[in-house]
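>>> model this:
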Amino acid sequence: MTAKPNRIIAGAALAGAMLLSGCQESATTPSAPPVSPDKIIPIYLGGVFVRPGTTIRISEGTRVTVQAATDGRGRDFTGGGQTPGIPVRARHDAPPDQVTAGGDVRVEGTNTPGLVHIRALADDVEEPDATYSLWLEEVPDTRLGGGFVLAVDPTPLRFTVVDRTSASCGDMGIQARARAGAGAAGEFVAAILGDEIREYRVADLTVEVADPNLDVSLMTPYRIPFEHLENDEEPSRYTALPSGFMLGTRLAEVGGSLRQTLALAHFEPLRLTAQSPGCDPTEISCAEGSCDVR
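Sure thing, here's the model as predicted:
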């Protein structure tokens, strides 16, 4: 997968130019001028599991989700909800009795990619690991108006289906480290969350586990924006949000394990739980410049 350049295109103008599912004939001529890069809409496989050169592992009876994504900012392919978005097709080469995946999905815009679910079907037969591919294709007869051209990246995602095994609860390794110092939260954050929010801290979390079904959950209570105000705003109008944000994440395969690193910024004490199916949860807490795992 190659890095895609960011392109900013006005959402309303772009969506208004779309004509999807065409019975319209395309008029092509050998002397057609080259397409401007600003008129090309790239769609490619993305998500936390999609990394160049990495083959992900999926245990029987479980599912992972990847994205049919686009780049740029502020892109809306639905015309404000008037059309369903750009269709793309996900295909795979796994036997249908081993994997269900693929089909047509819609890419609605930058913030709403199409979701592609890959599910490895469970059975009682002992089988060797098997590796397959999933890729994206353009849906035939898709037409984009306004001179826009669809560029679907066919680079495949490789995934290995492994027999379901009992949970090995001792194989999970978690490290959490608080970075030194704190950053200023700024006036904008204080206005939304309250004047007591003056700084943020950063925690680096590393999880290494053989079971790809590990679940990491945020246990810190969510805040309602502007609930600290008395009469100036109506807090009930707003959706609760976490008192922090993710700075970055990386996923890599190390031997037979998956290693994920996360950089988490938090305005208040941070509390997470990590748990594999059938195992007791591990709690991670970070506050006042230090982290604890237990």
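>>> just the pLDDT at the residue nearest to residue 190 when sequence neighbours are not counted, thanks.
Counting by CB to CB, 6 or more residues apart in numbering, the nearest residue to residue 190 once its immediate chain neighbours are dropped is residue 197, at 5.4 Å. Using the backbone N, CA and C atoms, a C-beta is placed for each residue, glycine as well. The model reports residue 197 with a pLDDT of 88.
>>> check residue 103 too.
As predicted, residue 103 sits at a pLDDT of 91.
>>> one more: the one 10 residues further on?
According to the per-residue confidence, residue 113 scores 93 in pLDDT.
>>> neighbours of it, just the number please.
Residues near residue 113, counting by other CB atoms under 10 Å, number 23.
>>> hmm, residue 50 and it touching each other?
No - using CB atoms under 8 Å, residue 113 is not in contact with residue 50; the gap is 11.2 Å.
>>> quickly list what's touching both of those two.
Shared contacts of residue 113 and residue 50 (CB atoms under 8 Å, 6 or more residues apart in numbering): residue 67.
>>> and residue 91, that one's in a strand?
Yes - assignment of residue 91 by DSSP: H, G, I helix; E, B strand; the rest coil places it within a strand.
>>> from residue 159, how far off is it?
Per CB to CB, to the nearest Å, residue 91 is found 13 Å from residue 159.
>>> more neighbours: which of the two?
With neighbours defined as other CB under 10 Å, residue 91 and residue 159 compare such that residue 159 has more, 24 against 14.
>>> what sits closest to the more buried one if chain neighbours are left out?
Leaving aside its chain neighbours, residue 159 sits nearest to residue 56 (4.9 Å; criterion: CB to CB, 6+ apart).
>>> in this structure the one you found contacts residue 160, no?
Yes - Residue 56 is within contact range of residue 160, at 7.3 Å (criterion: CB under 8 Å).
>>> higher neighbour count, these two?
Higher neighbour count among residue 56 and residue 160: residue 56, with 19 against 15, using other CB under 10 Å.
>>> what's the helix or strand for the more buried one?
Element membership for residue 56, per DSSP states H and E: strand 55-59.
>>> before we move on, what about residue 249?
If you go by DSSP H and E, residue 249 is part of strand 244-254.
>>> endpoint to endpoint, stretch 45-58 covers what distance?
The straight-line separation of the ends of stretch 45-58 (CA to CA, to the nearest Å) is 17 Å.
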